[in-house]
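Trainee: fold the following.
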Amino acid sequence: MKKTIVAGLIASAFAGSASAQSSVTMYGIVDIGLQWNELGVNKGSSSAPNYAQENTWGIDGGYQSGSRFGLRGSEALGRSWNAVFTLEMGFNPDTGELGQGGRVFGRQAWAGLQQSALGTFALGRIPTPSSTTGSFDMFARVDPFGGGFGLNQIGSTFIAANSGVSRWDNSVIWASPDWAGFKFAGQYSFNTNTQETAPSDTNTSAYSLAGSWGWRFLYLVATYDVHQFASTGSRPNVGNADEKLFQLGATLDFKFVKLYGAYARQDNIASSVQTNLFPGYPVPVTAYDNNAWMLGVTAPLFGGNIRASYQYSDGDNVNTATYQFEPDYSVWGIGYDYPFSRRTNLYIGYGQREWDGTIVQTPLPLSTPSQRVDRSQFAVGIRHLF
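Mentor: A predicted model of the protein is given here:
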């Protein structure tokens with residue numbers, strides 16, 4: 001249920017603002033279903049890893065879309081200006097626990113000003129325009145899975161599009177209105193994760209630039225994100241070179257079929273991001289470069305939509321005296337969703353991640369790279385929007 005509280009009542013509580021209009025809207029998604037996952041499990045130790053493929057069935061949430069509850073508000077200030085805010089928490093409906101590491105409003109939490117001709121200026125915890133999620137996203141439209149469907153999402157190879165690492169704390173953003181199909185955005189974070197500390201060089205700052213253009217059946221987007229890692233202190237990746245993530249995407253909508261394509265050049269990929277994508281990597285890589293691409297399609301079928309994509313991440317070779325590391329891998333997936341109503345749909349999906357690279361390490365690890373990286377996932381469930 002969506003409930004809008006129109007604020008003649010709210011505005012009257014503020015002196016001198018009795019004529020202003022404001023509103024608060026509650027919204028959310030509950031996504032839950034049955035999942036099967038097969039992935040590498042370490043049967044050894046951190047110093048002597050011994051991975052084996054294991055599988056499990058379970059009730060899990062957030063496959064098609066992360067479950068969430070949010071509040072979105074606006075107050076008219078006059079001269080076409082509005083005060084706006086969004087507070088959005090993620091949660092796991094299978095356990096009732098908060099998502100995003102237990103943050104109350106971990107998905108996004110921001111407030112700002114909006115003007116019809118100038119766009120939106122906001123401050124807070126804000127997903128980047130490249131992240132496939134949040135109020136200012138521009139990239140989910142070039143993913144046939146819309147940034148969801150578990151392993152199938154484009155964030156499996158496009159690091160800036162992985163929402164797990166692209167929600168920035170301490171951010172300021174400007175997002176333009178639609179200017180004849182063109183949209184632009186710029187974002188800066190003084191420290192991407194947790195509160196800033198002194199001095200400034202103990203913080204990991206970052207900036208994001210994005211632009212898109214839509215016209216009839218065509219949509220184009222480009223994003224560029226840079227992480228400027230702390231030079232001193234104890235934050236992750238301290239002293240690493242700047243991580244630079246460039247993404248291009250396009251969509252062609254022919255109504256009977258919709259085609260998707262995207263490319264990313266990703267330089268100095270940090271080890272913490274690598275761990276986010278590949279839990280359990282034992283190789284002591286501080287950073288590496290790669291190219292990634294994705295091709296996808298959606299089409300109407302039996303009253304619903306069938307979706308499919310193929311992704312490939314082509315890592316540049318990294319060599320030292322003790323190891324050779326070339327992290328190439330592919331991801332393919334297929335899914336289907338069927339609407340029972342405007343707010344409720346059934347979904348089913350399957351995806352695989354497959355290792356295609358090289359790890360040569362001294363001493364040699366006790367398991368093959370594919371045992372650590374290969375993964376399969378199946379899910380069937382229901383999603384309700386309110």
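Trainee: all strands for the stretch 1-150 of the chain, in order.
Mentor: Along the stretch 1-150 of the chain, counting by DSSP state E, counting those that start in this stretch, strands occupy 4-6, 22-42, 51-61, 68-78, 81-92, 97-98, 108-115, 119-127.
Trainee: of all these, which lies closest to N305?
Mentor: Ranking the strands of the stretch 1-150 of the chain by distance to N305, with CB to CB as the measure, places strand 22-42 first at 16.2 Å. No exception for glycine: its C-beta is placed from N, CA and C like everyone else's.
Trainee: tell me which other helices or strands that closest one touches.
Mentor: Helices and strands touching strand 22-42, by 3 or more CB pairs under 8 Å, 6 or more residues apart in numbering; DSSP states H and E, are strand 4-6, helix 8-11, strand 51-61, strand 68-78, helix 369-373, strand 375-385.
Trainee: which of those is buried the deepest?
Mentor: Burial of the helices and strands packed on strand 22-42 is given as mean neighbour count (mean count of other CB atoms under 10 Å); helix 369-373 ranks first at a mean of 22.
Trainee: just checking, what packs against it?
Mentor: Using 3+ CB pairs under 8 Å, 6+ apart, helix 369-373 sits against strand 22-42, strand 51-61, strand 344-355.
Trainee: nearest to P129, out of the ones you listed?
Mentor: Here strand 22-42 is closest among the helices and strands packed on helix 369-373 (CB to CB), at 20.7 Å.
Trainee: neighbouring strands - and their directions - for the closest one?
Mentor: Sheet pairing for strand 22-42, assigned by DSSP bridges, gives strand 4-6 (antiparallel), strand 51-61 (antiparallel), strand 68-78 (antiparallel), strand 375-385 (antiparallel).
Trainee: between that strand and strand 81-92, how big is the angle?
Mentor: Per axes from the mean of the first three to the mean of the last three CA atoms, to 10 degrees, the angle that strand 22-42 makes with strand 81-92 is 30 degrees.
Trainee: could you measure from K244 over to A109?
Mentor: Per CB to CB, to the nearest Å, K244 is found 27 Å from A109.
Trainee: who's more crowded, those two?
Mentor: Shown here are K244 and A109; by other CB atoms under 10 Å, A109 has more neighbours (21 against 16).
Trainee: hmm, back to that, the strands of the stretch 1-150 of the chain into JSON lines, with extra columns for distance to P369 and mean pLDDT?
Mentor: Shown next, in JSON lines, are the strands of the stretch 1-150 of the chain (distance: least, CB to CB, whole Å; pLDDT from 0 to 100):
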{"stretch": "strand 4-6", "distance to P369": "52", "mean pLDDT": "39"}
{"stretch": "strand 22-42", "distance to P369": "9", "mean pLDDT": "95"}
{"stretch": "strand 51-61", "distance to P369": "9", "mean pLDDT": "94"}
{"stretch": "strand 68-78", "distance to P369": "35", "mean pLDDT": "96"}
{"stretch": "strand 81-92", "distance to P369": "30", "mean pLDDT": "98"}
{"stretch": "strand 97-98", "distance to P369": "32", "mean pLDDT": "96"}
{"stretch": "strand 108-115", "distance to P369": "36", "mean pLDDT": "98"}
{"stretch": "strand 119-127", "distance to P369": "31", "mean pLDDT": "98"}
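Trainee: out of these, which gets nearest to H384?
Mentor: Smallest distance to H384 across the strands of the stretch 1-150 of the chain (CB to CB): 4.9 Å, for strand 22-42.
Trainee: identify the residue nearest the geometric centre of the chain.
Mentor: S163 (2.0 Å; CA atoms, centre = their mean).
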